[in-house]
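Peer 1: Compute the structure for the input listed below.
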Amino acid sequence: MTQNLVDLVFTAEQLAAFDAALDQLETLCQGFISLTPDERRSLRHMGSVSEPYCRKTLSVMSQNPQVIPASVNLAGGLQDLATLDTLAPRLDRLQRLSERGEDTEAALGSDIMSLVSEGYALLDVAGKSQGLDSLRKELSVRFRRRKAAKDEGTET
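Peer 2: Sure, this is the predicted structure:
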């Protein structure tokens, strides 16, 4: 029996609204930056253990401005924390939505693979008497490539 994990069809209006919403998000997120993998690795990360330390230190610094030299951008640090606090829940929502999109994409692909596997088996059995043998052989290329790759991987 063929699986059907997801049954989803978009209307043209839904796709237009989806694209418009993405355009709006991209516009709203113009201030976001992109880091290279090397830049990302070199960053000091504020994880869950460091976050309370950072918050408390910023609080103590702002309560004692007399010990903070003018060259230290305390206002910038406080603004970064405020921005992080307003951005984080929105990024959490985006991440959950993205994960649901990826799960839906995987389910759609799995539904297709399940149906195609069932269909190929039917073509393999019934297609011989229906004049579909050459088409079935053409489709079997997928399995030969996979088998050849396995054979090459075992030759060491």
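
Peer 1: count of residues packed around Leu78?
Peer 2: Neighbour count for Leu78, taken as other Cβ atoms under 10 Å: 14. In short, each C-beta sits where N, CA and C put it, glycine included.

Peer 1: ditto for Gly47
Peer 2: Gly47: 6 neighbours (other Cβ under 10 Å).

Peer 1: can you check Cys54 too?
Peer 2: If you count neighbours by other Cβ under 10 Å, Cys54 ends up with 14.

Peer 1: in what helix or strand does it lie?
Peer 2: For Cys54, the element it lies in under DSSP states H and E is helix 50-63.

Peer 1: Of all the residues in that helix, which ones are buried?
Peer 2: Buried positions in helix 50-63, judged by neighbour count with 16 or more other Cβ atoms under 10 Å: none.

Peer 1: tell me what it is packed against?
Peer 2: With contacts taken as 3 or more Cβ pairs under 8 Å, 6 or more residues apart in numbering; DSSP states H and E, helix 50-63 sits against helix 74-126.

Peer 1: just checking, next helix/strand downstream of the helix it packs on?
Peer 2: Following helix 74-126 in sequence order, the next helix or strand is helix 133-139 (DSSP H and E).

Peer 1: how far is that following helix from where the chain is centred?
Peer 2: Taking the mean of its C-alpha atoms, helix 133-139 sits 36 Å from the chain's own mean (Cα atoms, centre = their mean, to the nearest Å).

Peer 1: Low-confidence stretches in the protein?
Peer 2: Along the chain, the parts satisfying pLDDT under 70 run over 1, 127-130, 143-156.

Peer 1: Return the angle between stretch directions for the helix holding Cys54 and helix 74-126.
Peer 2: 160 degrees (axes from the mean of the first three to the mean of the last three Cα atoms, to 10 degrees).
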